[in-house]
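Engineer: can you look at this prediction? I've put the sequence above it.
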Amino acid sequence: MSENHSTTMHAVAYRKNLPIDDPQSLLDVELPVPSPGPRDLLVQVEAVAVNPVDYKVRQNADPGEKLRVLGWDAAGTVVAVGEQVELFKVGDEVYYAGALDRPGANSQFHTVDERLVGRKPTTLSFAEAAALPLTSLTAWEGLFDRMGLRNGALERTGALLVTAAAGGVGSIVTQLARALTGLTVIGTASRPETAAFARRMGAQHIIDHRKPLAAQLAEVAPGGADYIFSTAGTDRNIAAYAEALNPFSQIVAIDDFDTLDIGALKPKSASFHWEFMYTRSMFQTPDQAMQHHILTQVAHLVGIGVLTTTATQDLGPVNADNLREAHRIQESGTAIGKTTLTGL
């Protein structure tokens with residue numbers, strides 16, 4: 001980074017677990033500009049997106065009165081690199097979700113391991129790109145790593161149910177499944193606007209997740225479901241899943257719950273998988289660079305028009321007021337696509 005840059009930066013952080021309506025729940029602060037580690041990029045952040053993980057950490061992870069910066073979806077420009085960096089150079093435009101156990105990207109500058117980063121899709125703005133990393137990585141890992149679907153296996157037939165198909169993850173799962181598999185994609189939605197968005201993302205059928213699922217699934221997929229990507233409501237829907245699934249089927253879940261009666265899946269020898277895209281970075285797995293490769297493939301698919309951004313609204317600059325509004329939207333459970341913020 002140029003010596004002309006300040007040694008401090010603007011950031012948004014929290015120091016107590018407070019309700020989002022409390023003006024102290026997120027704070028505008030000045031922090032030192034971080035220095036990149038050996039495999040790190042120092043990124044000048046241009047845009048961020050907000051996910052449920054942001055408000056869950058803010059609500060539940062007590063920073064002990066220390067300032068903690070949130071934000072795990074970002075796009076920006078590399079301004080410095082660590083001495084062991086091989087994949088990027090200063091000036092590259094990048095996008096990434098980063099690591100949950102490091103400071104987030106709601107700041108002017110941010111350090112991130114290069115193995116978790118992809119080059120920003122050239123056809124997208126920074127905000128449009130910032131909407132993609134976390135959800136794309138979750139969707140890709142869930143479909144192709146956990147479920148074992150083959151990328152490009154268009155001869156594979158069957159039905160995939162995607163819950164909350166208009167949400168951040170659901171809208172990418174739907175796009176990837178339609179583009180890269182031959183599965184029939186069934187999305188759940190409960191409002192006209194979410195149903196319309198899910199259809200734009202590629203869902204061939206829509207059912208209402210506020211009504212019993214099994215009977216609705218039987219109508220649109222009389223042959224049964226072969227795959228379920230459960231983004232929400234897994235605990236309350238597991239009995240319906242067990243009824244609707246075919247033998248030897250697969251469920252991937254990403255939501256949070258305390259208990260789950262998976263015994264209902266045994267008669268059909270159905271498989272249940274967790275997908276948590278921060279596992280690779282959190283445990284420093286040898287294959288961390290897979291996230292670089294996934295984001296590279298996603299950028300290519302965006303570039304050729306196969307995938308589209310799921311950014312739906314931009315709230316303006318990254319500051320505490322705007323981020324509080326973004327958290328409110330996430331906490332409401334009514335978000336369509338992704339909410340972004342641009343500029344610091």
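Structural biologist: Good, I have the coordinates. Not measured: the values here are computed from a predicted model.

Engineer: centre of the chain to stretch 218-238, how far?
Structural biologist: Taking C-alpha atoms, centre = their mean, to the nearest Å, one finds stretch 218-238 lying 21 Å from the centre of the chain it belongs to.

Engineer: quick one: strands adjacent to the longest strand along the chain?
Structural biologist: The longest strand of the chain (DSSP state E) is strand 40-50. Using DSSP bridges, strand 40-50 pairs in its sheet with strand 74-81 (antiparallel), strand 109-113 (antiparallel), strand 338-342 (antiparallel).

Engineer: packing partners of whichever helix or strand comes after that strand?
Structural biologist: Next along the chain after strand 40-50, taking DSSP states H and E as the criterion, comes helix 52-60. With contacts defined as 3 or more C-beta pairs under 8 Å, 6 or more residues apart in numbering; DSSP states H and E, helix 52-60 has these neighbours: helix 320-332. Backbone N, C-alpha and C define where each C-beta goes, glycine included.

Engineer: so what touches the helix it packs on?
Structural biologist: 12, 20-21, 23, 25-28, 50-52, 54-55, 58, 70, 106, 315-316, 335, 339, 341 (C-beta atoms under 8 Å, 6 or more residues apart in numbering).

Engineer: picking up where we left off before, what angle do the longest strand of the chain and helix 52-60 make?
Structural biologist: Interaxial angle, strand 40-50 versus helix 52-60 (axes from the mean of the first three to the mean of the last three C-alpha atoms, to 10 degrees): 90 degrees.

Engineer: what is the mean pLDDT for strand 40-50?
Structural biologist: For strand 40-50, the mean per-residue pLDDT is 98.

Engineer: repeat that for stretch 94-111.
Structural biologist: The average pLDDT for stretch 94-111 rounds to 97.

Engineer: ok, and for that stretch, which residues are buried?
Structural biologist: Neighbour-count burial for stretch 94-111, counted by 16 or more other C-beta atoms under 10 Å, picks out 94-100, 102-111.

Engineer: next one: stretch 287-301
Structural biologist: 288, 289, 290, 291, 292, 294, 295, 297, 298, 299, 301.

Engineer: might one say that the fifth one is in contact with residue 116?
Structural biologist: Yes: the pair residue 292 / residue 116 is scored as a contact, 6.6 Å apart, by C-beta atoms under 8 Å.

Engineer: partners of the host helix or strand of residue 118, with directions?
Structural biologist: Assigned by DSSP H and E, residue 118 belongs to strand 117-119. Strand 117-119 has the following sheet partners, assigned by DSSP bridges: strand 93-96 (antiparallel).

Engineer: send me the strand it pairs with as CSV with only the CA atoms.
Structural biologist: In CSV, the C-alpha atoms belonging to strand 93-96 read as follows (Å, rounded to 0.1, in the frame of the first residue of the first chain):
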residue,chain,number,x,y,z
GLU,A,93,-10.2,-6.5,-8.4
VAL,A,94,-11.4,-9.3,-6.2
TYR,A,95,-14.5,-10.7,-4.3
TYR,A,96,-14.7,-13.1,-1.4
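
Engineer: what separates it from the chain centre, distance-wise?
Structural biologist: Here the centre of strand 93-96 is set off from its chain's centre by 14 Å, with C-alpha atoms, centre = their mean.

Engineer: so what does residue 32 have for phi and psi?
Structural biologist: For residue 32, the backbone dihedrals are phi -70, psi 140 (criterion: degrees, to the nearest 10).

Engineer: actually residue 311, sorry about that
Structural biologist: phi -60, psi 130.

Engineer: is it in contact with residue 128, as I believe?
Structural biologist: Yes: Residue 311 is within contact range of residue 128, at 5.0 Å (criterion: C-beta under 8 Å).
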